[in-house]
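**Q** need the 3D shape of this:
(one chain, ligands or ions: 1)
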Amino acid sequence: MARIVLKGISKSYGDTQAVEDLNLAIEDGEFVVLLGPTGAGKTTTLRLIAGLEPPDSGQIAIGGRDVAGEAPAERDVAFVFQQYSLYPHLSVYENLAFPLKSPARRLGKEEVDRRVREVARMVRIDHKLENRSTRLSGGEMQRVAIGRALVRRPSIYLMDEPLSSLDAKLRAELRLELKRIQNELGSTLLYVTHDQVEAMTMADRIGILSHGRLVQIGTPREIYADPANLHVAARLGQPHINLLPVDLLPGGQTPSGTRTVGARTEHIEISLEGERNASIDWIEHLGDQNHLHIRVRDHKLVTLADPNFSIAAGDNVSLTLRNPLYFDAAGQRVT
Ligand SMILES: Nc1ncnc2c1ncn2[C@@H]1O[C@H](COP(=O)(O)OP(=O)(O)OP(=O)(O)O)[C@@H](O)[C@H]1O
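**A** Residues are numbered from 1 along each chain as shown. Modelled structure (predicted):
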């Protein structure tokens, strides 16, 4: 377990600035998720910490040590990739034992056996230890890949979209398990994803990356409720935040300098009373909730509604804002 500190890290590939002046401290035992769109610099950040590439400038410290001169193996870091990279000719047991077999480790046979079985229980694959790794489902393979990282007990874990190749149900299951395991081990974990649900459910803190820069870092609640700018506000929330011109809807007290009003479901009151200023274009029925597609003059917005709310396409409704978010011409929050 260890603290990770990045100070002024930059990295470019030719003309592409992948990471730019990145400052980030991840506390010992903390679960930090880097969230950002494709090309934001997430994978590059992990690769720099792991030592797979050197930064152009800046410093990286792990557990108080400047790791500039250290090779990946010396950094005591485990990396889990998007695609499970198991040894196909080996059994699950042998795959899990593999990282413990390097001559440098000098672990006795019993100790290896004990650790393999302990980790197999943790990632819930202990009933398949003798299976060939090719005879596993995608979810089981990824459990083994995660187990192989855990078995070494490194000081930090770096995970690059480890759940993205799995179906939605498995992803939800493994999300919970990863969080439980990290809690149990108290390990420092830096996790990269572009899935906002993973970020919201697992992270102690979320760091939002855009064009190689860290735009904001905070607890999931802070990032969601108090976004620094439009870019961050648009990364979280389902359906997406509605960006509306000032004065389109009544309600709220617009601060001066506001150019755009950001309204999520919880910022929009729908009523069948009062002046009807909007009409329902269509309704998506998702089972436990409905997405209402609403038109206000020539603007469209989407909000959630309870399926029991009795409303139909073509109905006219009254919309009012309640404490929405305000942004200036540059997209920065105005309060
Ligand atoms: N080895 C490389 N050579 C050239 N350009 C690279 C290399 N690695 C990354 N880049 C570029 O650096 C930028 C950041 O890439 P990076 O892989 O870190 O983004 P990411 O946020 O992880 O994206 P994704 O979600 O698609 O994995 C991109 O524009 C990418 O094309």
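**Q** how about the residues of the stretch 51-200 of the chain by the ligand?
**A** Contacts of the stretch 51-200 of the chain with the ligand, taken as C-beta under 6 Å from any ligand atom, map to His194. The C-beta positions use only the backbone N, C-alpha and C, and glycine is treated the same way.
**Q** number of nearby residues for Lys169?
**A** Neighbourhood size, Lys169 [other C-beta atoms under 10 Å]: 9.
**Q** you'd agree Arg124 is up against Leu176?
**A** No: the criterion here is C-beta atoms under 8 Å, and Arg124 misses it with Leu176 at 11.2 Å.
**Q** neighbour count: those two, which is higher?
**A** Taking other C-beta under 10 Å, Arg124 and Leu176 do not tie; Arg124 has more neighbours (16 against 11).
**Q** just the element for the more buried one, please.
**A** Element membership for Arg124, per DSSP states H and E: none, as it lies in no helix or strand.
**Q** need the contact list for it.
**A** 143, 177 (C-beta atoms under 8 Å, 6 or more residues apart in numbering).
**Q** domains in this protein, by residue range?
**A** 4-235, 242-334 (automatic domain parsing).
**Q** could I get those domains in JSON lines, plus columns for mean pLDDT?
**A** Shown next, in JSON lines, are the domains of the chain (pLDDT from 0 to 100):
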{"stretch": "domain 4-235", "mean pLDDT": "91"}
{"stretch": "domain 242-334", "mean pLDDT": "94"}
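**Q** quick one, which of these is packed in tightest?
**A** domain 4-235 (a mean of 18; mean count of other C-beta atoms under 10 Å).
**Q** off-centre distance for that domain?
**A** Offset of domain 4-235 from its chain centre (C-alpha atoms, centre = their mean, to the nearest Å): 11 Å.
**Q** so the closest residue in space to Ile9 that isn't next to it in sequence: helix, strand or coil?
**A** Spatial nearest neighbour of Ile9, excluding adjacent residues (C-beta to C-beta, 6 or more residues apart in numbering): Gly58 at 3.6 Å. The three-state label given to Gly58 by DSSP: H, G, I helix; E, B strand; the rest coil is strand.
**Q** pull the contacting residues for Gly58.
**A** Gly58 touches 6-10, 21-22, counting by C-beta under 8 Å, 6+ apart.
**Q** correct me, but Ala312 touches Ile280?
**A** Yes: with contact defined as C-beta under 8 Å, Ala312 reaches Ile280; the gap is 7.0 Å.
**Q** wait, Tyr84 touches Val144, no?
**A** Yes: contact criterion C-beta under 8 Å: Tyr84 and Val144 qualify, at 7.0 Å.
**Q** for the ligand, what's its nearest residue on the stretch 151-300 of the chain.
**A** Closest to the ligand within the stretch 151-300 of the chain is His194: 5.4 Å, counting by C-beta to the nearest ligand atom.
**Q** which phi and psi values does that residue adopt?
**A** His194 adopts backbone torsions of phi -120, psi 20, taken as degrees, to the nearest 10.
**Q** contacts for the helix or strand encompassing Ile208?
**A** Using DSSP H and E, Ile208 falls within strand 205-210. By C-beta under 8 Å, 6+ apart, the residues outside strand 205-210 that reach it are 24, 30-37, 40-42, 45, 199-200, 214-220, 223, 231-232, 235.
**Q** so of these, which ones are in helices?
**A** Counting by DSSP state H, the contacts of strand 205-210 place 42, 45, 199-200, 220, 223, 231-232, 235 in helices.
**Q** helices along this protein, start to end?
**A** Under DSSP H, the chain gives helices at 42-50, 92-97, 109-122, 138-150, 168-185, 196-202, 220-225, 230-235.
**Q** and Glu284, which of those is closest to it?
**A** Among the helices of the chain, the nearest to Glu284 by C-beta to C-beta is helix 168-185 (17.5 Å).
**Q** now Leu319. Nearest residue, chain neighbours left out?
**A** Ala278 (4.7 Å).
**Q** who touches that neighbour in this structure?
**A** 294-296, 316-319.
**Q** apply 6 Å and report the result again.
**A** 294, 296, 317, 319 (C-beta atoms under 6 Å, 6 or more residues apart in numbering).
**Q** what do you get for Ile26?
**A** Going by C-beta under 6 Å, 6+ apart, Ile26 touches 4, 32, 190.
**Q** in strands only, show me those.
**A** Members of the contacts of Ile26 lying in strands (criterion: DSSP state E): 4, 32, 190.
**Q** other residues contacting stretch 149-166?
**A** Here stretch 149-166 has contacts from 1-2, 43, 46, 50, 63, 76-82, 96, 99, 115, 119, 138-139, 171, 174, 187-193, using C-beta under 6 Å, 6+ apart.
**Q** may I have that stretch as CSV, with CA atoms only?
**A** Output of stretch 149-166 as CSV, limited to C-alpha atoms (Å, rounded to 0.1, in the frame of the first residue of the first chain):
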residue,chain,number,x,y,z
ALA,A,149,-2.9,-8.9,-9.9
LEU,A,150,-4.1,-9.3,-6.3
VAL,A,151,-2.0,-12.4,-5.5
ARG,A,152,1.2,-10.5,-5.7
ARG,A,153,0.1,-8.0,-3.1
PRO,A,154,1.8,-5.0,-4.8
SER,A,155,1.7,-1.6,-3.2
ILE,A,156,-0.6,-0.1,-5.8
TYR,A,157,-3.1,-1.4,-8.4
LEU,A,158,-3.6,0.2,-11.8
MET,A,159,-6.7,-0.9,-13.7
ASP,A,160,-7.5,0.1,-17.3
GLU,A,161,-11.1,-0.4,-18.0
PRO,A,162,-11.0,-4.0,-16.7
LEU,A,163,-14.7,-4.5,-16.9
SER,A,164,-15.4,-3.0,-20.3
SER,A,165,-15.4,-6.2,-22.3
LEU,A,166,-18.1,-7.8,-20.1
